[in-house]
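[1] Pasted the sequence and its predicted model underneath.
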Amino acid sequence: MHKKGFCLPKKEFGTLFTALQSFGEVIAPVKKDKFLRMEKIENPKEITWEGISWFSSKKYVFPEKQTLFKFKGEKTEKWNENPSPKVLFGLRLCDLNAFAINDKLFLNQKPKLPFYKKFRENLLLVGLWCDTPQDEYCFCDSMKLQHKYDLCLFDRGDNFHIKIGSPKGEKILKKLKLKAEDYEKELAKCEKKLNTTDIKKYFENNEIWKKGEKDCLSCGTCTILCPTCLCFDIEDESNLKGTCGKRCVQWDSCMYKDFTLVSGKHHFRGERLDRFKHRIFHKLDYFKEQFGESMCTGCGRCIRGCPTKIDWVSLINKGTSDK
């Protein structure tokens, strides 16, 4: 792979778009109502170049509901779909890193999650570098993000600088005859900062977390919007006679009271404070202990989309500043 990068005049962006379409359908940020959403497009003029999508793109590797197998009588049919290739264009670095984190969970562990693997293999990830934070909720520069993409575009006025991050990306760019060039760009500096991810010793200090608990509605919006929240439940569906049906995996949330409900009506995290703390510690502590990095990528969606605007970053900064 070329270490430098390549120059693409913006007036020739259509040639890159055509090359991307040769891989699969292009999904890109499109402004709908007041929200930016990732939608299938046919024309590059539909792309919205500023902002971050309201929802993450995790549904393209982990659908909200996915059938694992079907049965009819004594016959069982396992999931064996062939997902169509897709290009996810315009992903910010926070979302690109989220895919790398999710890969660690579902591809680097045994056994691999079959449907995740198939969806992931059929994706091409094209990043769009942030020259400035997308809004006041971003804190990505606190999270030690890495260059994780197949291709990434950097805005240089009349041109795009394009970096290659994988053999997939290199194959696409080979379709274009572009001039190689050097270009480096630091990650945008965010006004919002997370001062520390080392919070293990603050677990018992509930004074830090009570403000969040007080305002929390246990609605699960934070986990739905989060690009690395992939908690799920498995349910069996069948007809009344039980002669045919299917087993499905679908999104769930650790913020729901019944998420940890077991037989005997025991809740492992029945208290809202415990659930609120668990989500934060899972992101910053538990995952890092096992995989060596935080699960949070600083996209800010959990704060941006929270109905009561719980700013857990500020809670941590305030609670740990004088300790």
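    Nice, I can see it. These numbers come from a predicted model, not from an experiment.
[2] What ranges in the chain fall below the confidence cut-off?
    Counting by pLDDT under 70, the chain shows low-confidence ranges at 1-3, 322-323.
[3] now do 50
    1, 323 (pLDDT under 50).
[4] Tell me who's in contact with residue 200.
    residue 285 (C-beta atoms under 8 Å, 6 or more residues apart in numbering). C-beta: built from backbone N, CA, C; applies to glycine.
[5] Roughly how far does it sit from residue 287?
    Going from residue 200 to residue 287 by C-beta to C-beta, to the nearest Å gives 13 Å.
[6] now do residue 301
    17 Å.
[7] My read is that residue 228 contacts residue 298, right?
    No - counting by C-beta atoms under 8 Å, residue 228 sits too far from residue 298 to count as a contact (11.0 Å).
[8] Surely residue 36 forms part of a strand?
    Yes - under DSSP: H, G, I helix; E, B strand; the rest coil, residue 36 sits within a strand.
[9] ok, what's across the strand from it?
    residue 31 (DSSP bridges).
[10] what about residue 97, how many neighbours?
    28 (other C-beta atoms under 10 Å).
[11] which ones are touching it?
    143, 145-146, 148, 297 are the contacts of residue 97 under C-beta under 8 Å, 6+ apart.
[12] try 10 Å
    Residue 97 makes contact with 91, 127, 140, 143-149, 227-228, 293-294, 296-299 under the criterion C-beta atoms under 10 Å, 6 or more residues apart in numbering.
[13] now residue 144
    97, 187, 197, 293-294, 297-298.
[14] Also residue 204?
    Here residue 204 is in contact with residue 277 (C-beta under 10 Å, 6+ apart).
[15] Is it possible to get a markdown table of the contacts of residue 144 that adds secondary structure?
    Output for these, formatted as a markdown table (three-state DSSP):
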| residue | secondary structure |
| --- | --- |
| 97 | helix |
| 187 | coil |
| 197 | coil |
| 293 | coil |
| 294 | coil |
| 297 | coil |
| 298 | coil |
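[16] how's this structure carved up into domains?
    Following automatic domain parsing, one finds the domains of the chain at 6-180, 200-320.
[17] Please tabulate the ones you listed in TSV and include distance to residue 191 as additional columns.
    Listed next are the domains of the chain as TSV, based on distance: least, C-beta to C-beta, whole Å:
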stretch	distance to residue 191
domain 6-180	6
domain 200-320	11
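[18] Looking at those domains, spot the one closest to residue 192.
    Shortest distance between residue 192 and the domains of the chain, using C-beta to C-beta, is found for domain 6-180: 4.2 Å.
[19] Check the spacing between the spatially most central residue of the chain and residue 305 real quick.
    The centre of the chain sits closest to residue 227, judged by C-alpha atoms, centre = their mean, with a distance of 2.5 Å. The gap separating residue 227 from residue 305 is 12 Å, by C-beta to C-beta.
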